[in-house]
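> Quick check, what structure comes out for this input:
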Amino acid sequence: MKAIKLKDIGYMPIPKVACTSIKNTFFKIKENRDYDPTIDYGNHIHQYWEKNKENISDTSFKFIIIREPIKRFLSAYSNRVCHHKELSLAKIQQSNPKIAGAFEIYTPGLGQFIDNFEQYNRVNSINHHCKPVSEWVNGDMSIFDKIYPLENIAELQSDLTSVLNQEVIFPREQTGGRKIMIQDLSRNQVDFLMEFYRQDYQLLRKYYNFDDFWKEWKKGL
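Okay, here's the model as predicted:
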């Protein structure tokens with residue numbers, strides 16, 4: 001598996017699961033400086049690591065961070081659609097000109113986004129950030145020595161501090177966009193997203209499951 005390699009550590013980044021923070025931290029550890037788009041590989045840290053992916057099978061500590069699937073989806077919508085405006089007509093004309101005229105609604109509300117998700121998912125950035133974890137890892141998590149739910153990121157910081165013998169603290173990145181609660185979703189919208197992420201819930205069943213989600217959803221109504 002090709003992913004991010006830092007010394008004897010292998011890390012599989014998943015969009016909207018602290019990956020920007022970790023990529024920036026790993027770059028700083030590797031180069032002993034902050035990422036600088038004026039001298040490095042393009043205007044974002046993602047481009048640097050995409051060009052520097054390596055096979056991580058020979059590393060002694062391989063990890064991945066996971067997140068509740070529907071909450072990850074809502075975070076992607078808030079950040080990419082509401083904050084970065086990636087479904088505005090101007091942004092689509094710039095990034096995906098071939099499909100710029102394909103939508104009736106640009107910068108959709110949450111319900112519109114979900115109701116027409118098959119169309120919006122044709123936009124590269126939306127597909128990238130919403131793609132199920134099961135597709136990123138080809139349905140197999142066995143390569144990883146440790147799996148960290150996002151809620152346990154402090155444990156990851158502690159483990160990496162021990163492995164690298166230096167303090168590791170992740171800054172918060174890509175937090176733009178209003179906080180969307182799962183109670184903002186209707187029952188039909190939840191059903192749609194549970195079906196879309198069915199393979200994720202199966203793969204991550206030790207950490208996240210339908211029943212726990214429904215309990216939390218109903219509690220806030």
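
> what ranges do the helices span in this structure?
19-31, 45-51, 69-76, 89-95, 110-115, 117-120, 124-130, 133-136, 153-164, 187-196, 198-203, 210-219 (DSSP state H).

> As TSV, those helices with mean neighbour count, mean pLDDT and distance to Lys2 would be great.
Using the backbone N, CA and C atoms, a C-beta is placed for each residue, glycine as well. Supplementary listing: the helices of the chain in TSV, determined by neighbours: other CB atoms under 10 Å; pLDDT from 0 to 100; distance: least, CB to CB, whole Å:
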stretch	mean neighbour count	mean pLDDT	distance to Lys2
helix 19-31	19	94	15
helix 45-51	17	91	10
helix 69-76	22	97	22
helix 89-95	15	92	24
helix 110-115	18	97	31
helix 117-120	17	95	28
helix 124-130	18	96	16
helix 133-136	17	98	12
helix 153-164	16	95	20
helix 187-196	15	97	26
helix 198-203	17	97	20
helix 210-219	12	92	32
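
> So Met194 is in contact with Asp200, correct?
No: using CB atoms under 8 Å, Met194 is not in contact with Asp200, being 9.6 Å away.

> Turn the helices of the chain into CSV, including distance to Ala3.
Formatted as CSV, the helices of the chain follow (distance: least, CB to CB, whole Å):
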stretch, distance to Ala3
helix 19-31, 11
helix 45-51, 9
helix 69-76, 18
helix 89-95, 25
helix 110-115, 29
helix 117-120, 27
helix 124-130, 15
helix 133-136, 10
helix 153-164, 15
helix 187-196, 24
helix 198-203, 17
helix 210-219, 28
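
> can you tell me which residues contact Leu156?
Contact partners of Leu156, counting by CB atoms under 8 Å, 6 or more residues apart in numbering, are 63, 65, 148.

> and the first one, what does it touch?
Looking back up the chat, that one is Phe63. Per CB under 8 Å, 6+ apart, neighbours of Phe63: 9-12, 144-148, 156, 159.

> and of those, the nearest to Ser95?
Among the contacts of Phe63, Met12 lies closest to Ser95 (CB to CB), at 25.1 Å.

> Show me the beta-bridge partners of the closest one.
Ile64 (DSSP bridges).

> circling back: just the contacts of Leu156 now: which is nearest Asn121?
Taking CB to CB as the measure, Ile65 is the one of these closest to Asn121, at 22.9 Å.

> doesn't Leu150 make contact with the closest one?
Yes: if you go by CB under 8 Å, Ile65 and Leu150 touch, sitting 5.9 Å apart.

> Find residues that contact each of those two.
Contact criterion CB under 8 Å, 6+ apart; residues shared by Ile65 and Leu150: 17-18.
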